[in-house]
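Chemist: Structure, please.
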Amino acid sequence: MHQNLLSPEQVLQAMLQHDRFTAWLGLQTDAVSTGYCKLHYTVKDDMLNGFNSIHGGVLFSAADSAFAFACNSHGVLTVALDVSISFTRSAKVGEVLTVEAKEEHLGNKTGVYNVRTTNQAGELVAWFKGTAYRTSKKIE
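Modeler: Take a look at the predicted model:
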(Lines give C-alpha, C1' and ligand atoms only; values in the text may rest on other atoms or scores of the structure.)
Protein backbone atom coordinates (compact mmCIF):
# COMPACT_ATOMS: atom_id res chain seq x y z
CA MET A 1 0.00 0.00 0.00
CA HIS A 2 2.74 2.48 0.96
CA GLN A 3 6.14 2.73 -0.67
CA ASN A 4 9.29 4.40 0.60
CA LEU A 5 8.14 4.50 4.19
CA LEU A 6 10.45 5.75 6.92
CA SER A 7 11.97 3.23 9.32
CA PRO A 8 10.67 3.14 12.92
CA GLU A 9 13.80 5.02 14.05
CA GLN A 10 13.30 7.71 11.38
CA VAL A 11 9.63 8.11 12.35
CA LEU A 12 10.60 8.47 16.01
CA GLN A 13 13.17 11.15 15.20
CA ALA A 14 10.66 13.02 13.02
CA MET A 15 8.09 12.94 15.82
CA LEU A 16 10.56 13.99 18.52
CA GLN A 17 11.69 17.03 16.51
CA HIS A 18 8.46 18.81 17.39
CA ASP A 19 7.33 16.93 20.52
CA ARG A 20 8.19 19.37 23.29
CA PHE A 21 5.83 17.68 25.74
CA THR A 22 7.70 14.36 25.64
CA ALA A 23 10.95 16.24 26.22
CA TRP A 24 9.39 18.21 29.09
CA LEU A 25 8.32 14.96 30.76
CA GLY A 26 11.89 13.69 30.51
CA LEU A 27 10.99 10.56 28.55
CA GLN A 28 14.01 8.62 27.30
CA THR A 29 13.58 6.14 24.44
CA ASP A 30 15.21 2.74 25.01
CA ALA A 31 13.96 0.94 21.90
CA VAL A 32 11.68 1.38 18.93
CA SER A 33 10.81 -1.10 16.22
CA THR A 34 7.79 -1.87 14.07
CA GLY A 35 4.77 -1.87 16.38
CA TYR A 36 6.88 -1.43 19.51
CA CYS A 37 8.33 1.26 21.76
CA LYS A 38 10.05 1.12 25.14
CA LEU A 39 10.95 4.21 27.13
CA HIS A 40 11.69 5.22 30.70
CA TYR A 41 11.62 8.27 32.94
CA THR A 42 12.33 9.24 36.52
CA VAL A 43 9.52 10.49 38.73
CA LYS A 44 10.28 14.09 39.68
CA ASP A 45 8.85 16.27 42.44
CA ASP A 46 6.77 18.34 40.02
CA MET A 47 5.02 15.14 38.81
CA LEU A 48 3.35 14.49 42.18
CA ASN A 49 -0.30 14.91 43.12
CA GLY A 50 -1.69 16.14 46.45
CA PHE A 51 -1.00 12.76 48.07
CA ASN A 52 2.72 12.83 47.24
CA SER A 53 2.54 10.13 44.55
CA ILE A 54 2.76 10.40 40.78
CA HIS A 55 -0.15 12.20 39.16
CA GLY A 56 -2.32 9.99 36.95
CA GLY A 57 -2.00 12.53 34.14
CA VAL A 58 1.75 11.94 34.02
CA LEU A 59 1.27 8.18 33.78
CA PHE A 60 -1.33 8.68 31.06
CA SER A 61 0.85 11.10 29.10
CA ALA A 62 3.93 8.88 29.19
CA ALA A 63 1.89 5.86 28.09
CA ASP A 64 0.24 7.95 25.35
CA SER A 65 3.67 8.95 24.02
CA ALA A 66 4.85 5.31 23.88
CA PHE A 67 1.55 4.37 22.20
CA ALA A 68 2.04 7.11 19.59
CA PHE A 69 5.61 6.05 18.84
CA ALA A 70 4.60 2.39 18.51
CA CYS A 71 1.57 2.91 16.29
CA ASN A 72 3.28 5.42 14.01
CA SER A 73 6.36 3.18 13.65
CA HIS A 74 4.96 1.73 10.43
CA GLY A 75 5.55 5.07 8.70
CA VAL A 76 1.83 5.74 8.29
CA LEU A 77 0.27 8.72 10.09
CA THR A 78 -1.76 7.15 12.89
CA VAL A 79 -3.91 8.82 15.53
CA ALA A 80 -5.58 7.68 18.73
CA LEU A 81 -9.15 6.52 18.29
CA ASP A 82 -9.89 5.24 21.79
CA VAL A 83 -7.74 4.81 24.90
CA SER A 84 -8.19 3.85 28.52
CA ILE A 85 -5.91 3.42 31.49
CA SER A 86 -5.99 1.53 34.76
CA PHE A 87 -3.82 2.74 37.64
CA THR A 88 -2.60 -0.21 39.70
CA ARG A 89 0.16 1.11 41.98
CA SER A 90 1.55 4.46 43.09
CA ALA A 91 5.04 5.72 42.32
CA LYS A 92 7.17 8.12 44.34
CA VAL A 93 9.92 10.65 43.61
CA GLY A 94 13.11 9.04 42.34
CA GLU A 95 11.48 5.87 40.99
CA VAL A 96 12.37 4.97 37.42
CA LEU A 97 9.34 3.88 35.44
CA THR A 98 9.51 1.85 32.24
CA VAL A 99 6.78 2.20 29.63
CA GLU A 100 6.48 -0.55 27.03
CA ALA A 101 4.02 -0.34 24.12
CA LYS A 102 3.32 -3.47 22.08
CA GLU A 103 1.14 -3.89 19.05
CA GLU A 104 -1.45 -6.62 19.63
CA HIS A 105 -3.33 -6.30 16.32
CA LEU A 106 -2.77 -4.40 13.09
CA GLY A 107 -5.50 -4.14 10.48
CA ASN A 108 -5.87 -2.02 7.36
CA LYS A 109 -7.31 0.93 9.25
CA THR A 110 -6.91 0.21 12.97
CA GLY A 111 -4.37 -1.14 15.41
CA VAL A 112 -4.67 -2.23 19.02
CA TYR A 113 -1.87 -1.61 21.52
CA ASN A 114 -1.08 -2.72 25.06
CA VAL A 115 1.06 -0.27 27.05
CA ARG A 116 2.43 -1.34 30.44
CA THR A 117 4.14 0.99 32.89
CA THR A 118 6.26 -0.81 35.48
CA ASN A 119 8.51 0.30 38.33
CA GLN A 120 12.11 -0.79 39.00
CA ALA A 121 10.84 -3.94 40.75
CA GLY A 122 8.89 -4.90 37.63
CA GLU A 123 5.55 -4.21 39.33
CA LEU A 124 2.69 -2.92 37.20
CA VAL A 125 2.00 0.77 37.89
CA ALA A 126 -0.42 1.47 35.02
CA TRP A 127 -1.97 -0.42 32.14
CA PHE A 128 -2.99 1.61 29.09
CA LYS A 129 -4.98 0.13 26.23
CA GLY A 130 -5.20 1.98 22.94
CA THR A 131 -6.90 1.67 19.57
CA ALA A 132 -5.33 3.67 16.77
CA TYR A 133 -6.70 4.79 13.40
CA ARG A 134 -4.33 4.52 10.43
CA THR A 135 -4.79 7.35 7.93
CA SER A 136 -3.83 7.10 4.28
CA LYS A 137 -0.92 9.54 4.73
CA LYS A 138 2.68 8.45 5.03
CA ILE A 139 4.99 10.17 7.51
CA GLU A 140 7.68 12.24 5.86
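
Chemist: Averaged pLDDT, the longest strand along the chain. What do you get?
Modeler: Determined from DSSP state E, the single longest strand within the chain is strand 124-138. For strand 124-138, the mean per-residue pLDDT is 97.

Chemist: and if you look at stretch 63-71?
Modeler: pLDDT averaged over stretch 63-71 gives 98.

Chemist: who's in contact with stretch 52-64?
Modeler: For stretch 52-64, the surrounding residues in contact (CB atoms under 8 Å, 6 or more residues apart in numbering) are 21, 25, 27, 39, 41, 43, 47-49, 80, 83, 85, 87, 90-92, 95, 97, 99, 101, 115, 117, 125-126, 128, 130. To be clear about C-beta, it is placed using only N, CA and C from the backbone, and glycine gets the same treatment.

Chemist: buried subset of these?
Modeler: Buried members of these, counted by 16 or more other CB atoms under 10 Å: 25, 27, 39, 41, 43, 47-48, 83, 85, 87, 90-91, 95, 97, 99, 101, 115, 117, 125-126, 128, 130.

Chemist: All set now, cheers.
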